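Enquirer: Got a sequence here, can you build the structure:
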Amino acid sequence: MSPKIVYIAPYYSEAVRRDLRLTAEFSPAGLNKTRGIAACIPPDFELTLFSTGYSMRSGFGRIVRREETLMSGGRPVPVIYPGYRAVRYVSFLEIAAAAFLECRRLKPDLVIFYNFRIETLVPALLAKLFGGARIICQFEDGLQVVFPPGAPRRLAFQALYHLGKRLCDGFTLVNGSLRGEFPASRSVVIPIILPDRAGVVPHFATLDLSSKPVVKIAYSGSLDRQRGADIFLEATRRLRKNPRLRFLMTGRGPLAEQARTQAKSQGNLEFGGLLDDRQFAAFLRDVDILVNPQKLGHPFARYSFPSKVASYILLNKPIVSTAFSDISDVPAPGLFFYGDDDPADLSRVLEELADREIDVDYRALFEKFSESKTREALRKLFQRLAAARP
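Expert: Next up is the predicted model:
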């Protein structure tokens with residue numbers, strides 16, 4: 001009999017999005033990585049995906065439990081959506097209880113769960129305590145360092161972080177810098193996952209930006225300081241007198257109003273707000289240079305990775321990024337770095353790239369982060385945990 005895995009993570013399908021009339025505003029954090037991890041779980045494991053829900057407001061009323069099937073990694077994966085009352089700051093308790101009850105019903109050998117959160121960590125711990133399951137945390141962000149010191153949510157996430165680190169059997173880490181913070185024998189680093197699909201493998205290309213009358217440069221994602229949205233905005237201001245550079249910015253977050261105001265007064269900047277998946281894909285196709293300015297100097301950087309770099313790599317376009325060790329240690333023509341979280345240096349790099357011919361070749365990055373490599377890394381982790389079982 002195949003070993004059973006329950007994967008507790010943020011997910012919803014396009015069918016659910018249509019049925020509940022969900023807009024892009026309700027896209028849960030980690031949604032794209034959930035699909036990638038599910039596809040990389042070896043096919044000899046029987047996998048069930050449990051969604052942690054999709055409510056950010058209380059306007060949905062009662063959410064009805066439902067099931068559907070996700071085709072992932074060449075196989076059908078059952079997906080369970082919990083039934084719960086959609087009340088912000090309260091729903092997670094009912095979702096946690098529903099996840100535990102599903103674990104009791106399915107009796108998994110292994111539970112993989114997304115981040116140290118009540119609705120994911122608690123049912124996993126209960127499945128370990130009452131069902132003997134081994135549990136693996138898919139550690140994706142440092143919520144314990146995002147909120148201000150002394151804030152109730154910071155204290156709550158710090159407690160969950162330390163509890164989870166102590167009691168989990170294994171970890172997938174989003175950032176190589178965490179290797180020293182988690183047990184190496186029970187951890188595997190998975191910053192991004194690049195899909196093994198025909199037509200999406202990166203290839204060598206030469207792009208001559210110097211011949212273009214207008215060079216479009218884009219930032220898309222969370223509009224906050226830890227991810228460097230303020231650095232991008234300052235770079236656009238510094239380069240406002242360069243007539244060839246056009247800056248595009250999309251996303252949501254605390255700096256959205258600043259971006260909107262700056263775009264109105266600054267002719268080289270356009271702010272598009274939050275885009276749905278189709279709009280985002282069209283947006284990326286129209287861009288010449290993609291920017292990931294996430295701040296290495298912010299504590300959040302130690303516990304995160306700019307996941308949009310994955311979709312950027314598959315576009316075969318120049319990328320300017322923070323020098324995260326997981327990508328900076330791989331030869332990757334077309335991937336450029338700016339230094340010291342400095343908007344002046346970001347401005348310098350962008351202006352230089354707009355005036356030159358650029359070779360782009362991300363095949364080495366693709367090889368490092370492909371689905372097949374991730375699948376093998378997860379298999380080895382599962383084997384180590386199975387061998388360590390008392």
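Enquirer: The lengthiest helix in the chain - contacts with which helices or strands?
Expert: Scanning the chain for the longest helix, with DSSP state H as the assignment, gives helix 371-388. Secondary-structure packing of helix 371-388 (3 or more C-beta pairs under 8 Å, 6 or more residues apart in numbering; DSSP states H and E): helix 31-40, strand 134-139, strand 170-173, strand 187-189. (Glycine included, C-beta is placed from N, CA and C.)
Enquirer: if I look at the closest residue to residue 373 other than its chain neighbours, how far off is residue 375?
Expert: Of all residues beyond its chain neighbours, the one nearest residue 373 is residue 367 (7.2 Å), with distances taken as C-beta to C-beta, 6 or more residues apart in numbering. Residue 367 is 14 Å from residue 375, where distance means C-beta to C-beta, to the nearest Å.
Enquirer: what stretches of the stretch 1-150 of the chain score poorly on pLDDT?
Expert: Counting by pLDDT under 70, the stretch 1-150 of the chain has low-confidence residues at 23-32, 54-59.
Enquirer: So if I had to pick from residue 367 and residue 375, which one is more boxed in?
Expert: Neighbour tally, residue 367 and residue 375, criterion other C-beta atoms under 10 Å: the higher count belongs to residue 375, 19 against 14.
Enquirer: correct me, but that one touches residue 41?
Expert: Yes. Using C-beta atoms under 8 Å, residue 375 is in contact with residue 41, at 7.5 Å.
Enquirer: Next, the residues that contact the one helix or strand residue 249 maps to from outside, please.
Expert: Counting by DSSP states H and E, the element that carries residue 249 is strand 245-252. Here strand 245-252 makes contact (C-beta atoms under 8 Å, 6 or more residues apart in numbering) with 25, 214-223, 229, 232-233, 235-236, 239, 259, 263, 268-275, 280, 283, 287, 350-351, 354.
Enquirer: Look up the closest residue to residue 242, ignoring the ones flanking it.
Expert: residue 351 (6.5 Å).
Enquirer: tell me the secondary structure for that neighbour?
Expert: Secondary structure for residue 351, judged by DSSP: H, G, I helix; E, B strand; the rest coil, is helix.
Enquirer: Hmm, it is touching residue 238, no?
Expert: No. Counting by C-beta under 8 Å, residue 351 stays clear of residue 238, with 9.2 Å between them.
Enquirer: Distance-wise, check residue 85 relative to residue 291.
Expert: Relative to residue 291, and taking C-beta to C-beta, residue 85 is found at 41 Å.
Enquirer: Please disregard the earlier target; I meant residue 168.
Expert: Counting by C-beta to C-beta - residue 168 and residue 291 are separated by 35 Å.
Enquirer: For residue 120, pull up the helix or strand it's in.
Expert: Element membership for residue 120, per DSSP H and E: helix 118-131.
Enquirer: which residues sit against that helix?
Expert: In contact with helix 118-131 (C-beta under 8 Å, 6+ apart) are residues 6, 8-9, 52-53, 92-93, 95-97, 99-100, 103-104, 107-108, 111, 113-115, 133-135, 137, 160, 163-164, 167-169.
Enquirer: can you pull the buried residues of that helix?
Expert: By 16 or more other C-beta atoms under 10 Å, the buried positions in helix 118-131 come out as 119-128, 131.
Enquirer: could you pull out the helices for the stretch 101-250 of the chain?
Expert: Using DSSP state H, counting those that start in this stretch, the helices found in the stretch 101-250 of the chain span residues 118-131, 143-146, 152-167, 229-238.
Enquirer: packing partners for the last one?
Expert: When you say that, I think you mean helix 229-238. Using 3+ C-beta pairs under 8 Å, 6+ apart: helix 229-238 touches strand 215-222, strand 245-252, helix 256-265, helix 343-353.
Enquirer: To residue 307, which of the ones you listed lies closest?
Expert: Taking C-beta to C-beta, strand 215-222 is the member of those nearest to residue 307, at 8.9 Å.
Enquirer: In its sheet, which strands sit next to that closest one, and in what direction?
Expert: For strand 215-222, the paired strands and their directions (DSSP bridges) read strand 245-252 (parallel), strand 289-292 (parallel).
Enquirer: can you list contacts of it?
Expert: With contact meaning C-beta under 8 Å, 6+ apart, strand 215-222 is reached by 209, 227, 229, 232, 244-253, 275, 280, 283-284, 286-293, 306, 308, 350, 354.
Enquirer: Return a PyMOL selection command for the buried portion of those residues.
Expert: Of the contacts of strand 215-222, the buried ones can be selected in PyMOL as follows, counting by 16+ other C-beta under 10 Å:
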select buried, resi 209+227+229+232+245+246+247+248+249+250+251+252+253+275+280+283+284+287+288+289+290+291+292+293+306+308+350+354
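Enquirer: Any idea how far stretch 340-358 is from the middle of the chain?
Expert: A distance of 25 Å separates the centroid of the chain from that of stretch 340-358, by C-alpha atoms, centre = their mean, to the nearest Å.
Enquirer: What are the buried residues along that stretch?
Expert: So, applying 16+ other C-beta under 10 Å, buried residues of stretch 340-358: 341, 343, 346-351, 353-354, 358.
Enquirer: Looking at the record's assignment, how would you partition this structure?
Expert: Domains of the chain are assigned by automatic domain parsing as 4-193+370-388, 205-368.
Enquirer: Distance from the chain centre to the last one, please.
Expert: Relative to its parent chain, domain 205-368 has a centroid offset of 16 Å by C-alpha atoms, centre = their mean.
Enquirer: For it, measure first residue to last.
Expert: In domain 205-368, first residue to last residue: 19 Å (C-alpha to C-alpha, to the nearest Å).
Enquirer: for the record, mean pLDDT for that domain?
Expert: What domain 205-368 shows for mean pLDDT is 93.
Enquirer: With stretch 181-193 instead?
Expert: 92.
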